[in-house]
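mind looking at a prediction? Sequence and model below.
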Amino acid sequence: MHPKLFPSPLLFILIIFLVLVHVPISLCDDERYVNCSQPFVCGSLGNIIYPFWGRDRPEFCGHPGFELDCQDDNVTEIEIMSEKYRVLGITPDSQILKVARDDFWNNICPSRLVNTTLNFTFFNYASTVHNLTLYYNCTLNNIPSVPSSMQSRAFNCSVNKITQYGFYVTGTTPADAILWKCGDNVIVPVLQTAANALETNGTTLGATLDGGFELQWTVGSATCNQCLGSGGQCGYNSSTGQFSCFCRDQPYSKTCFTPGTNSGETYSNAGTTREACKYAGIAGAGAGARADLGKWVWAAAVLDRAREDTRQ
């Protein structure tokens with residue numbers, strides 16, 4: 001009798017069976033955890049997470065008032081108090097959102113003249129911000145009649161093919177009589193550095209407006225950092241109006257549950273747990289494979305018997 005050179009086909013088939021019925025645990029991850037694991041990406045702006053949401057991130061992945069919109073797969077916008085702003089940058093560590101008024105983008109003569117207003121529940125102006133006042137519809141016979149102190153601050157707008165003059169003021173409104181001849185004015189925040197450069201003619205009015213300004217969001221990041229540190233994804237529970245930490249098994253109020261600790265208090269209606277999903281998946285896979293396994297075992301036994309008979 002010769003020694004067996006190969007393992008038994010039965011053993012080989014049993015190993016293959018165990019591999020095939022393995023259920024990846026990731027398939028049992030909570031849907032909210034999976035969805036909120038996807039960052040917001042638009043053009044050069046990417047890896048944006050809570051409190052922002054939009055595009056591939058459902059509403060529960062962010063805080064109300066922080067929806068981002070991606071225009072033409074390149075331009076990110078946010079709406080604050082019914083006004084649209086272009087998002088120029090987001091710095092999560094310092095909670096800084098850099099934006100520019102969309103109606104003033106590449107356009108110093110918008111059709112609507114409205115002041116910049118914020119929802120101070122969510123945002124504050126950063127310390128880098130300086131107000132720029134723009135005066136429109138100024139009734140002037142000609143620019144040379146304008147005082148020299150104001151000539152460098154003049155700009156013009158064409159409305160229905162009629163040229164209208166305007167002026168900008170970077171600081172305290174000067175007591176110049178010419179400004180009393182202007183029909184409208186609007187306040188637009190800009191960066192302090194840009195306002196300084198504009199004063200010294202180091203930049204243009206359009207470039208100053210397009211440079212935007214910085215806001216600091218006030219929705220706390222400490223709780224979100226704790227959630228992320230515990231392996232969860234930050235989100236929002238619209239039913240309670242509170243922060244929610246979405247974890248692989250289910251949502252928790254602050255952090256994911258760690259065995260042996262009191263962390264990770266859950267909220268109601270958590271749904272099927274990850275463990276239940278895992279066992280259900282294994283049971284389902286096993287049931288579906290039992291019939292085939294029986295055929296494989298029978299075939300392997302026949303083949304084993306045939307090989308033994310050949311060796312004798």
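Thanks, I have it.

mean confidence for the helix or strand Leu228 falls within?
For Leu228, the element it lies in under DSSP states H and E is helix 222-229. Taken as a whole, helix 222-229 has a mean pLDDT of 94.

for it, which helices and strands make contact with it?
Applying 3 or more CB pairs under 8 Å, 6 or more residues apart in numbering; DSSP states H and E, we find helix 222-229 packed against strand 233-237, strand 242-246. The way it works is simple: take the backbone N, C-alpha and C, and place the C-beta from them, glycine included.

in the sheet, which strands lie alongside the first one, parallel or antiparallel?
Sheet pairing here is set by DSSP bridges, and for strand 233-237 it gives strand 242-246 (antiparallel).

could you check the angle the partner strand makes with helix 222-229?
10 degrees (axes from the mean of the first three to the mean of the last three CA atoms, to 10 degrees).

hmm, who's touching strand 242-246?
With contact meaning CB atoms under 8 Å, 6 or more residues apart in numbering, strand 242-246 is reached by 30, 32-33, 36, 60, 223-224, 226-227, 230, 232-237, 251-256, 264, 267.

just the buried ones from these?
Listed as buried from the contacts of strand 242-246 are 30, 32-33, 36, 60, 223-224, 226-227, 230, 232-237, 251-256, 264; burial here means 16 or more other CB atoms under 10 Å.

need the residues that contact the helix holding Leu228.
50-51, 233-234, 243, 245, 254-256.

could you do stretch 58-66 as well?
Stretch 58-66 is contacted from outside by 32, 35-36, 49-54, 67, 78, 80, 119, 121-122, 217, 219, 233-238, 244, using CB under 8 Å, 6+ apart.

of these, grab the buried ones for ChimeraX.
This is how ChimeraX selects the buried members of the contacts of stretch 58-66, with burial counted by 16+ other CB under 10 Å:
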select :32,35,36,49,50,51,52,53,54,67,78,80,122,217,219,233,234,235,236,237,244
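
so which of the contacts of stretch 58-66 are in helices?
Under the assignment DSSP state H, the contacts of stretch 58-66 contribute 32, 35-36 to helices.

export these to a markdown table and tack on distance to Val159 and pLDDT?
Formatted as a markdown table, the ones in helices among the contacts of stretch 58-66 follow (distance: CB to CB, whole Å; pLDDT from 0 to 100):
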| residue | distance to Val159 | pLDDT |
| --- | --- | --- |
| Arg32 | 51 | 96 |
| Asn35 | 47 | 96 |
| Cys36 | 47 | 97 |
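
so what pLDDT did Pro51 get?
Pro51 is assigned 97 on the pLDDT scale.

got the contact list for it?
With CB under 8 Å, 6+ apart, Pro51 has these contacts: 62-63, 66, 217, 219, 224, 234, 236.

just Tyr135 next, same as before
Residues in contact with Tyr135 (CB under 8 Å, 6+ apart) are 166-169, 179, 182, 184-185.

nearest to Arg101, of the residues you listed?
Each of those was checked against Arg101 using CB to CB; the closest is Tyr168, at 14.2 Å.

list the contacts of the closest one.
Shown in contact with Tyr168 (CB under 8 Å, 6+ apart): 132-135, 153, 155, 198, 205.

go again using 7 Å as the cut-off
Contacts for Tyr168 (CB atoms under 7 Å, 6 or more residues apart in numbering) come out as 132-134, 153, 155, 205.

tell me which of the residues you listed is nearest to Val114?
Nearest to Val114 among the contacts of Tyr168, with distances taken as CB to CB, is Leu134, at 11.5 Å.

that closest one pairs with what?
Counting by DSSP bridges, Leu134 forms beta bridges with Tyr168, Val186.

what are the boundaries of the helices in the stretch 101-250 of the chain?
148-151, 192-199, 205-210, 222-229 (DSSP state H, counting those that start in this stretch).
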